[in-house]
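1. Quick one, fold the following:
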Amino acid sequence: MSKKTFVQTYGPWALITGAAMGLGAEFASQLAERGLNLVLVDVNGAALLQTAQALQQKYPVEVRPIVQDLAETGFQEHLLTATQDLDIGLLVSNAGISTVVEFLGAPLETHLRELDVNVSAPMILAYEFGQRLVQRGHGGIILLSSLSAMQGTALVANYAATKAYNLILGESLWDELRTKGVDVLAFPPGSTDTPGFRADQPRLTSLVPLMTARETVSIALNALGKKPVVIPGWRNRISFFITSRILSRQAAIRLVGKQMRKMYR
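-> Numbering: from 1, shown residues only. Prediction:
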C-alpha cells in the first residue's frame, strides 16, 4: 500500500487562526506550497485580506479569509457555519496574544482576554474540528504553545500559563486521537522573528536564539504525525535541557526571568 501524501492526509483544506501575519501567515504560505486550500482566520481584517490576496496570487489554491475575534462568546458558530461546506483536514490553532509586563501591572481585562484567545479558543476549536477529523478518519491538529510554558516566566506570567495549557492539551490529544487517525502536535517555538515579536521591542542577547518564521514552521509541519511535541532549533533544545534537567526548578525560573528582564528592560 502506497503512503499517503501530505494533501491526502491533511487536505484538502486547512484552517489557520491568527493567519494575517507572523507564524500564522507562514503556516498558510507553507501549507499552500504543499497544495492545501486555506481558511484564514484573524481579527485584523485589513492585514488578513492582504495576506489572502498575496497567497492567491502566488499559489494555485483556494483561500477563504474570515474576520473573527476569537475572544467573542460563541465565535465558533460563525466559523462552523462559514466552513460547513469544506472538508477541513488540518487545524492550526496559532492565534495568541501576550502582554510583556509584570502580572499586577496589566489590567484584569487584559489577562481575561488572553485566557479567551489563548485557552478557550484553542480548546473549543480542537473540540469542534476534532470531531470532524475523527469522523472522516484522518487529519491533524497543531496547537501552538511556547517555550515560556516550560517554566514560570516573569513579565509574561499569564501568557506562559495559557501556553502551558496548550502544551498539555496537545500532548493529551496526541494520545487520545492517534488511534482514530488524527495526528496532534503541541508546538512550543522560542523567540521567532515576527512582527508581533518585534513590536515589543526586545533587546536581543547572545543567549536568546532568534529563529526565522519559515524555519520554525517547517519544523512543525515536518514533525506532524511523528511525535506529540517538538521544540524547534538546536539552541532552544539545549536551553530546555539545561533548564529542565540540569538546573533546579527555582534556578531555572530565576534564570529565565533574568533573561526576560534583560530583553524587555
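2. Please report how far Ser248 lies from Gln151.
-> Distance of Ser248 to Gln151, computed by CB to CB, to the nearest Å: 11 Å. All C-beta spots, glycine's among them, are computed from the backbone N, C-alpha and C.
3. out of those two, which sits in the busier spot?
-> The neighbour count for Ser248 versus Gln151, taken as other CB atoms under 10 Å, is higher for Gln151 (20 against 9).
4. which helix is the longest one in the protein?
-> Longest helix of the chain, by residue count under DSSP state H: helix 157-177.
5. what's it packed up against?
-> Here helix 157-177 touches helix 108-115, helix 121-136, strand 139-144, strand 182-187, going by 3 or more CB pairs under 8 Å, 6 or more residues apart in numbering; DSSP states H and E.
6. want to throw those into CSV with distance to Pro12 and mean pLDDT?
-> Formatted as CSV, the helices and strands packed on helix 157-177 follow (distance: least, CB to CB, whole Å; pLDDT from 0 to 100):
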stretch, distance to Pro12, mean pLDDT
helix 108-115, 33, 98
helix 121-136, 11, 98
strand 139-144, 11, 98
strand 182-187, 16, 98
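7. Indicate which one of those is closest to Ala157.
-> For Ala157, the closest of the helices and strands packed on helix 157-177 is helix 108-115, at 9.0 Å, according to CB to CB.
8. buried set for the longest helix of the chain?
-> Neighbour-count burial for helix 157-177 flags 157-167, 169-171, 173-174, 177 (criterion: 16 or more other CB atoms under 10 Å).
9. cool, stretch 175-188 as well?
-> 177, 182-188.
10. got it, and stretch 225-240?
-> The neighbour-count check on stretch 225-240 (16+ other CB under 10 Å) flags 225, 228-233, 236, 239-240 as buried.
11. Would you mind giving those as a markdown table with distance to Gly139 and secondary structure added?
-> Shown next, in a markdown table, are the buried residues of stretch 225-240 (distance: CB to CB, whole Å; DSSP: H, G, I helix; E, B strand; the rest coil):
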| residue | distance to Gly139 | secondary structure |
| --- | --- | --- |
| Gly225 | 10 | coil |
| Pro228 | 16 | coil |
| Val229 | 18 | strand |
| Val230 | 19 | coil |
| Ile231 | 24 | coil |
| Pro232 | 22 | coil |
| Gly233 | 27 | coil |
| Asn236 | 28 | helix |
| Ser239 | 32 | helix |
| Phe240 | 29 | helix |
